[in-house]
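> Fold the stuff below for me.
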Amino acid sequence: MTLDRLETPAAVVDLDRLDRNLKRGADYTREHGFALRPHIKTHKSLFVAAAQLRHGAQGLTCATPFETEVMSSICDDLLNAYPPVGADRARRLLAVAPKSRITVALDSVAAVDNIAAAARAAGRKVGVYVEIDVGMHRVGVTSSANAIALARYITAQPSLEFSGVELYPGHIRESVESQDAALEQLATELSRTLEAFDDAGLTPPTVSAGSTPTLWRTHELPRITEIRPGSYVYNDRTTTAIGACAWDDCALSILTTVVSTTVAGQAVIDAGSKALGREPVRGAAGEGFGQLIEHPEVLVTRMSEEHGMLDLGTSTWRPEIGERVRVVPNHVCVTVSLYDLMYGVRGDRLETSWPVDARGRGHKPVPNA
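Predicted coordinates:
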């Protein structure tokens, strides 16, 4: 089959680019002696996760209990990098395959109590990372003293094990060549925090970092032992814009059809916000919600739910009705979550497909009263 057989919009993955991205990430971690624990939130699929494990990943990172449940079918070393707040969430995590090693990242006593109680009830030992805030100001303990206090509280729980610290430098969104000052500041603050843990007799066994925008400079940070990149498998317009990948490293695109050209200087495709997502380009100058592979000067500048408007003002291309193009989205993680199925291609040949296994939350319906 070829691409022209697919009904649009459809999520298409260039298998050669995917293979190259996976190899590059694995080679980098081996070169610098890191453990690779990629975040599956980007692809949410057993197909890609299995490929990451074949490339040497020691485990996988998940964001939701459902992702953890799904990935436990192929991996027995799973990190849930999201605070397990709430008894139901904690119980669900601890119901994952008994032979799997489960680690969680958290930043509060309440989350410790939830996961400790669930671990006791399940008769399991759970590893815990203390998440530290290094500048994102989203989650994470904001001082060394509080992080150490939380680590001590964890070690006092018989069902838990203090396994290390986790950080996410998601606040560093400058272009890769402009990250020097931010990385130097992060390195200084991280060193100070880790030295405080050493002085307290709580040297972290693992120091786990994330973020695709800073992935290729992770070795400049002190004492990192593990990395959790996510977007690197597919890449997107944002990672290209900041120089974290090349344009031809973008493995995922949305195949779309031109459905209207009635407005002068514009074409409309059948991919709107429900096909591309609505995130702006992060960390770099730019507008729009996607960029055409075939005509990179053309952006999706406006969207409705099912319509994407292409601005042709800077292009000599004038599409025909029914013509097909591929759009690289701004943020691939959001886009993937809008699809049930990925199509793998080499050139224009459709070679395989795979489901987005961990899409959604895996909630069960409530029986009718």
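
> Okay, and the beta partners of residue 78?
Using DSSP bridges, the bridge partners assigned to residue 78 are residue 60, residue 102.

> so it touches residue 101, yeah?
Yes: between residue 78 and residue 101 a contact is recorded at 7.0 Å, counting by C-beta atoms under 8 Å. C-beta coordinates here come from the backbone N, C-alpha and C atoms, glycine included.

> Check the contact lists of those two and give me the overlap.
Shared contacts of residue 78 and residue 101 (C-beta atoms under 8 Å, 6 or more residues apart in numbering): residue 59.

> These two: who's more crowded?
residue 78 (25 against 16; other C-beta atoms under 10 Å).

> What helices and strands are in contact with the longest helix anywhere in the chain?
Determined from DSSP state H, the single longest helix within the chain is helix 180-199. Counting contacts by 3 or more C-beta pairs under 8 Å, 6 or more residues apart in numbering; DSSP states H and E, helix 180-199 is packed against helix 144-155, strand 160-167.

> Hey, what's the angle from the longest one to strand 160-167? Just curious.
Following axes from the mean of the first three to the mean of the last three C-alpha atoms, to 10 degrees, one obtains 150 degrees for the angle between helix 144-155 and strand 160-167.

> Packing partners of helix 144-155?
By 3+ C-beta pairs under 8 Å, 6+ apart, helix 144-155 packs against helix 109-122, strand 126-131, strand 160-167, helix 180-199.

> Let me see the ranges of the helices in this structure.
Under the criterion DSSP H, helices of the chain are mapped to 15-32, 46-54, 65-71, 87-94, 109-122, 144-155, 180-199, 237-241, 273-276, 332-336.

> Dump the ones you listed into CSV; add mean neighbour count, mean pLDDT and distance to residue 297 as well.
Shown next, in CSV, are the helices of the chain (neighbours: other C-beta atoms under 10 Å; pLDDT from 0 to 100; distance: least, C-beta to C-beta, whole Å):
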stretch, mean neighbour count, mean pLDDT, distance to residue 297
helix 15-32, 16, 98, 21
helix 46-54, 19, 98, 30
helix 65-71, 23, 97, 37
helix 87-94, 19, 96, 46
helix 109-122, 19, 98, 48
helix 144-155, 18, 98, 48
helix 180-199, 15, 98, 31
helix 237-241, 24, 94, 13
helix 273-276, 20, 98, 18
helix 332-336, 23, 98, 21
